[in-house]
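Student: quick check, what structure comes out for this input:
(2 chains)
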Amino acid sequence: NAGVTQTPKFQVLKTGQSMTLQCAQDMNHNSMYWYRQDPGMGLRLIYYSASEGTTDKGEVPNGYNVSRLNKREFSLRLESAAPSQTSVYFCASSHGDRGTYEQYFGPGTRLTVT
Amino acid sequence: DAKTTQPPSMDCAEGRAANLPCNHSTISGNEYVYWYRQIHSQGPQYIIHGLKNNETNEMASLIITEDRKSSTLILPHATLRDTAVYYCIPSSGNTPLVFGKGTRLSVIA
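Tutor: Got it, this is the predicted structure:
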């Protein structure tokens, strides 16, 4: 199993450009999450999807949109990138039922907005 | 969500046990205590979790006080690869994790 995969690994954008970060998991998990981590800080939740077909805002949703494409895939879109969105973005998934709630994280996407 | 207090940093000699404390005095009855770690620049890694009883797995042991207001993560024989930031996170289960600043553990040769 590959676990949680994220693409791309690195990206540089100019202010105002758009892009979509892709996340996929092969563990048949119900729940998926997007976090961001700024230098020297802990992770902050952007959006999450408790199950296929549902999405909810987290702590820092402004400037982002998400799509739960199917059970495996959860994408994060930046419509008009800003320098404040320079960060490392982590996707995670969890089974979400049967008492198995631990989250498994991808390797991250390092985004720089100039 | 319960607030947590962890020391900002700790050192541990290689081969010795690393004991990482966490205070979570406002934890509610249905919240588990989860521990994750983040090795430099990588995604966080799940370590262990517990509700009331002490737990052990291949990575670590978790000791939770009887009143559930604090817990200790024990890495029994720390290695250089255990150098990371460790997060203690109370969570009721299928809810997003709230990360604090964690404890930066440095394992020293």
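Student: over to the spatially most central residue of chain A: give its phi and psi.
Tutor: Centre of chain A computed as the mean C-alpha position; nearest residue by C-alpha atoms, centre = their mean is residue A:34, 2.8 Å away. With angles defined as degrees, to the nearest 10, residue A:34 sits at phi -120, psi 130.
Student: now do the same contact list for it.
Tutor: Applying C-beta atoms under 8 Å, 6 or more residues apart in numbering or on different chains to residue A:34 gives the contacts A:21, A:23, A:45-48, A:58, A:64, A:66, A:74, A:76, A:89-91. C-beta here means a position set from N, CA and C on the backbone, and glycine is covered the same way.
Student: kindly report the residues of chain B close to chain A.
Tutor: For chain B, the residues found near chain A under the criterion C-beta under 8 Å from any C-beta of the partner chain are B:32, B:34, B:36, B:41-46, B:49, B:87, B:91, B:93-94, B:96-102.
Student: what about these, which are in strands?
Tutor: Among the residues of chain B next to chain A, the ones falling in strands (DSSP state E) are B:32, B:34, B:36, B:45-46, B:49, B:87, B:91.
Student: for these, pick the one with the most neighbours.
Tutor: Compared across those, residue B:87 has the highest neighbour count, 26 neighbours, by other C-beta atoms under 10 Å in any protein chain shown.
Student: which bits of chain A sit near chain B?
Tutor: A:4, A:31, A:33, A:35, A:41-45, A:48, A:50, A:58, A:88, A:90, A:92, A:94, A:96-97, A:99, A:101-108.
Student: which ones among those map onto strands?
Tutor: A:4, A:31, A:33, A:35, A:43-45, A:48, A:88, A:90, A:92, A:94, A:104-105.
Student: can you name the residue of chain B nearest to chain A?
Tutor: Closest approach between chain B and chain A, counting by C-beta to the nearest C-beta: residue B:43, at 3.2 Å.
Student: name the nearest residue to that residue, sequence neighbours excluded.
Tutor: Spatial nearest neighbour of residue B:43, excluding adjacent residues (C-beta to C-beta, 6 or more residues apart in numbering or on different chains): residue A:105 at 3.2 Å.
Student: and the gap between that neighbour and residue A:46?
Tutor: 14 Å (C-beta to C-beta, to the nearest Å).
Student: quick one, which of these two is more surrounded?
Tutor: More neighbours sit around residue A:46 than around the other of residue A:105 and residue A:46, counting by other C-beta under 10 Å; the figures are 25 against 22.
Student: so the more buried one sits against residue A:60, correct?
Tutor: Yes - counting by C-beta atoms under 8 Å, residue A:46 touches residue A:60, with 5.6 Å between them.
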